[in-house]
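Enquirer: Show me how the following folds:
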Amino acid sequence: MSSKRKRRTVQQLEGLAAGEKLKRQNLTTDTSPWGWVGTEVTNASGITAEHRLATCNFSKRSTASFCPNKFVQKRPASVEPARQVTPADGELADDVIVISEDEAPNCSKRACKKNPNCLNYLGQDKWENEDGAMKAYLATMKLGHDPQLDDRKAGLPVGLKNLGATCYANAFIQVWYQDLAFRNGVYQCQPSQDKEHSFEDSPVFRLQATFAALQEGKKSVFNPIKLVESLKLKTNEQQDAQEFSKLFMSHLDNEFQKQLNPALKHLLADQFQGQQAYCTTCQKCGTRSERESDFLEVEVNLENNSSLADRIEALLQPETLSGDNQYSCSHCNSLQDATRQVVLRKLPPILHFSLLRFVFDITTMERKKSKHNISFPSVLDMNRFLEPPGGPKTAKSPADESENIYDLKGVLLHKGPSAYHGHYEAMVFDVTQNSWFQFNDEIVTKKQTAMKAAEDKDKPKAWVLNNGKPRPIAKKRRIEDSDDEVVEVDPKGQSKAPPPAPARCAYNMSSKDAYMLVYARRGTRQEYQPQAPPKPPPRALEAVHKLNQEHEEACASYQEKRDAVRSRFEELRERMSGIYRSWHVSSNDQKSVVASQYALEQFLSRHLSKESSGSKTPNGTSKTPLESEASSRSASTIPMDTEALKVPTPLEDEISISSIVCAHGGLDPDRADDMKRIDYGAYKRMVEEEGCVFQPELSPNDVCEECVREIFIEKLYQYEHPKRVAEFDAVREAADSGNYWISKAWLKDWRQAKPKMHGHLEDDPPPDADPYGSHVRCEHGGLSLNTTSRVRISAEACLLLKSWFPSWETLAEDTERCAICEAGIEISREDKQVMRKKAEDEKARLKHMHDNALSGNTNLLENVPCAMIPAQFVRSWRQWIMRPSLHPRPEAPNTSSFLCEHGLLAIDPNTSDLDTSVCLIRRQDWDVLEELYQACPLIAVQNRSYSDENGLFHTEFEHEIEVCAECRRKRKSDYDMTEVTIRTLGADDPNPTPETFSAASQRPNTVNGSRQTTITTYASRHFGPRQSKRLRKATQRRERRLCISKTMSVKDIKLLIQEQMDIPTICQRLFYQGHELLDNDVTVPTLGILANDVLDLREESEDVDLLDESDSEVPRKKRRDEGGGFGGTLLSGDPTSEDPQSEHTSSPPASGTCPACTFENPPTAPICSMCETRL
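Expert: Modelled structure (predicted):
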């Protein structure tokens, strides 16, 4: 018996001992890519070719395994007889360990990510999945849209394409199409034609063709562009759907009136027109007067959570005429109380209920959408709303009771919260299929309802239309989602009406988006049985057959191209799989080519990815997917002639591997993790069969020698530097004597594992290099006085550092400090004391200026002689007073900047010119400045206060030098950015006017031959009036400083106010110098706004009328532009534009006519007296 094989012993790795630090150099071994640095090679001259190969895991010492190719099709193993394993003495059969000799190493995407010999996870699985690869290949071939996807689905009607904003027309077309009588009438109508317009341009013919396409078309979606063009509708403007319905029906009625067939002449009247009467009954004599009229639809108002029956009853409810609204009775010959009501006399076969979903809000002058919910039945008994033929007192016969039973046939919906935009859809009952469908332009969905419950008369049920699946309900439900807007409720909702005949399952629906309901009168036959559609006219049918033929030809052509591409794909897949199944390398001696992982992934995906399909040619031009395909390629796009696909055109496709190439043109060892090597024979197949080459083409022996040398130098430093630091630390401790000085900053950085001072491929700087040398030696070469920047080291440590840095020179510990530096410190200390004494003296002499200047409090300066100086001087002087040793003493204050070239004042003290650049000081302080700084020239002013007849205090500045208005304006206009004061007017403040502004700025005669100005201050930030707090609070205005530029306009200023002061622009009224800023496009220079100027602002509430009888100003809010409607289209009766897509431009209104509400105003009226729109 053979002996049992023993399990291989696994060497246990020892961890770190307690307190032992992890050393980086201990982690590297001789098998790692750089494990030879510092062990085998200590100088760059000793690097061999084997070492260079090892840096990229290409050498024999590398531990990178040669993973087998997982995509090689293995042959089925031959069946061999099972061998009997004889267990050893005493052991069980389960204890035997069987070791296979051909066990492969562990290969996974994560483990082999950095293995250059593993090529298993580069995207081959995309080609292994044949269906997925075919789908991706077809996408790159750009065959275009598959017309077979447009085939009409069985059991689904045809949708209509939305041309931009034509969903309103699509919804009504689908409703009209399902009316078989109306469709038959359209088919029988003969379109009118003249010399200017052909038969095909007629809207009637285009409607016939549209209906025929919906009936006989083979595509799931029909494009009604010809119908839209014939009506001259603008496809980019959404219109009101009900208005479109009325106008289009009016146009069709005119066409039907031209027909010879009497049934066609009165088709619309017979099908859609009912009769009603307005009846007024005198309450005194009972006399009844009537006025009959026809209607095409019944308009009902909406209330929340109401039913259709309730709204019809509200419409027919009698109205009492009394008081000022009494009725003039012809029988009584006087005004009498009366009742008035609407009476339905006759109902059409197709009954339309127009739900007034869109109403006009007189407060906002805009239309808005009502979100009231309304419920409506599937079966509607109109007998109780219809007056009997003999009058209200006549009894109805049983035959009449069953005459006016209506079934719901369509619901038109408007999705969206606004009346000015949204989306129109339709829910329509298809009588040919006896099913409900939802039409959302191109998307048509079948809706299962309770219609089939009519077959089970003994078990009537209620149903909910929810995602196309009917289910019974126990209580009323309403679905808020727009896609499931219509739901059914309790079938008992129509309990007031007698049971219809034949028995039919009735149910209620509710909606917040429905705006029109379409009901059809129930006939004598069973209408829930499918009905045969009418036959289209020959010309319309011919147009549809032509479209069907074009669609079939497109499908056949596409299928032919698809078959040709599939044939090429099978050949291509065979070539690609043959390459990646043979490109693995099995040994280091095997000839190979190195590529980047990304390059191989790009090679595998170049035929299946749109991004990779447009690769670059050698001359830099971009290739199409077909050009990049392989050596046997065709033209740049799929040709109509499929024979051209089979013509081989060899092309060369370059794939860059620059991501692994260094600056010297070789393989970069730093990017070895991204390298993969493939068999040279497989690469030749890539070049010959696929026309694909790697640029540049490199082998494992092309590892860059220069890069290896540079990296070796850095890794050798990382290997040796920690050893040097450890050797230095062992002898670093200073002794009692014989020590030396060294820079503390240098030593701290040098001892780091990665010193910041170390430069790439450079030696570390010595301890006396800049800026470390000054830490030990001063500028005179002696010992520096700063003892905190240096430390002591032992003599042995100093010798060790000198062996590594031979040029380093230092000083011994017993070296005396530099005498020159010590003497300089003494002199500097004496100078600082002198400067401090001088600063204290000036502060004592100018104490008032030091404490009060630039504080904004001018109350202490009233009736006191003053002088103006630059504010910057005061700021610099204060800094010098606080720290005379750090800040320089300021130069003499120069006040000549306040004077113009004419020797007059360039600033006006009584305006906002006294900003942060000007400071007021006492005259006696000025005298001190003249003595200490030789300040000049003197600009004397005096702030005087007085009270007016109302008891308010005012201040005014008297100045001997006159103000130069021209130079002042020029100076105040010379700015790019400046601050302005926004002064908010109170509720009781009048609007500023040019008169009040000029009166406030009027200047009285000057004192002593000069001029003085007067200005009333309102708690100004710098110059507030001296008055009681109670009075100041009563007259205070809210102010805000804003920064503006010269390029800003009035609109920009208003937006800035909105951002900074939280006042909407619509609520702002800006005034400058008494004039209101009405034009938002006027710029700051045009207005003449000066630096530090003042703007008045009045804040208005959004719901406050800005206009009164004595003031005509721009209204705060204009009525929304309702657009041109159907003006310029064929439906308006005045098609002024021949281009259906041209933008409609309305002509300007007549003088005095309001463009918003069309009210006739006087020709000279600035605003409309009705809606306040500016004319």
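Enquirer: make it CA atoms for all contacts and neighbour counts henceforth
Expert: Fine.
Enquirer: The nearest residue to Ala839 once chain neighbours are set aside is in what secondary structure piece?
Expert: The shortest distance from Ala839 to any non-neighbouring residue, by Cα to Cα, 6 or more residues apart in numbering, is to Ile881 (5.3 Å). Assessed by DSSP states H and E, Ile881 sits inside helix 871-882.
Enquirer: Can you tell me the number of residues neighbouring the closest residue to Glu809 other than its chain neighbours?
Expert: Counting by Cα to Cα, 6+ apart, the nearest residue to Glu809 once its immediate chain neighbours are dropped is Asp768, at 6.9 Å. Asp768 has 20 neighbouring residues, counting by other Cα atoms under 10 Å.
Enquirer: before we move on, what about His352?
Expert: 22.
Enquirer: Tell me the helix or strand right after the helix or strand it falls within.
Expert: Element membership for His352 (DSSP H and E) is strand 350-355. Next in sequence after strand 350-355, counting helices and strands by DSSP H and E, comes strand 358-361.
Enquirer: all strands for the stretch 551-700 of the chain, in order.
Expert: Assigned by DSSP state E, counting those that start in this stretch, the strands in the stretch 551-700 of the chain fall at 592-596, 653-656, 675-679, 692-695.
Enquirer: Check the stretch 51-200 of the chain too.
Expert: 159-160.
Enquirer: The residue nearest to Glu809: what's it in contact with?
Expert: Asp768 is in contact with Ser743, Ser774, Val776, Trp808, Glu809, Thr810, counting by Cα atoms under 8 Å, 6 or more residues apart in numbering.
Enquirer: Read off the pLDDT value for it.
Expert: At Asp768, the pLDDT value in this model is 92.
Enquirer: you'd agree it is in a helix?
Expert: No - if the criterion is DSSP: H, G, I helix; E, B strand; the rest coil, then Asp768 is coil and not within a helix.
Enquirer: export the strands of the stretch 551-700 of the chain to CSV and tack on mean pLDDT and distance to Lys723?
Expert: Shown next, in CSV, are the strands of the stretch 551-700 of the chain (pLDDT from 0 to 100; distance: least, Cα to Cα, whole Å):
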stretch, mean pLDDT, distance to Lys723
strand 592-596, 95, 37
strand 653-656, 88, 43
strand 675-679, 94, 33
strand 692-695, 92, 43
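Enquirer: can you tell which of these is closest to Gln190?
Expert: strand 653-656 (63.6 Å; Cα to Cα).
Enquirer: So which elements touch the closest one?
Expert: helix 597-605, strand 692-695 (3 or more Cα pairs under 8 Å, 6 or more residues apart in numbering; DSSP states H and E).
Enquirer: Format the ones you listed as a markdown table; extra columns: mean neighbour count and distance to Phe199.
Expert: Output for the helices and strands packed on strand 653-656, formatted as a markdown table (neighbours: other Cα atoms under 10 Å; distance: least, Cα to Cα, whole Å):
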| stretch | mean neighbour count | distance to Phe199 |
| --- | --- | --- |
| helix 597-605 | 21 | 55 |
| strand 692-695 | 20 | 60 |
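Enquirer: Tabulate the ones you listed in CSV, adding columns for distance to Leu355.
Expert: Output for the helices and strands packed on strand 653-656, formatted as CSV (distance: least, Cα to Cα, whole Å):
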stretch, distance to Leu355
helix 597-605, 58
strand 692-695, 69
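Enquirer: And Tyr717, how close does it get to Trp34?
Expert: Plainly put, Tyr717 is 13 Å away from Trp34 if you go by Cα to Cα, to the nearest Å.
Enquirer: Walk me through the domains of this protein.
Expert: 124-138+556-702, 731-812, 818-974, 976-1104, 1116-1175 (automatic domain parsing).
Enquirer: deepest of the ones you listed, which one?
Expert: domain 124-138+556-702 (a mean of 18; mean count of other Cα atoms under 10 Å).
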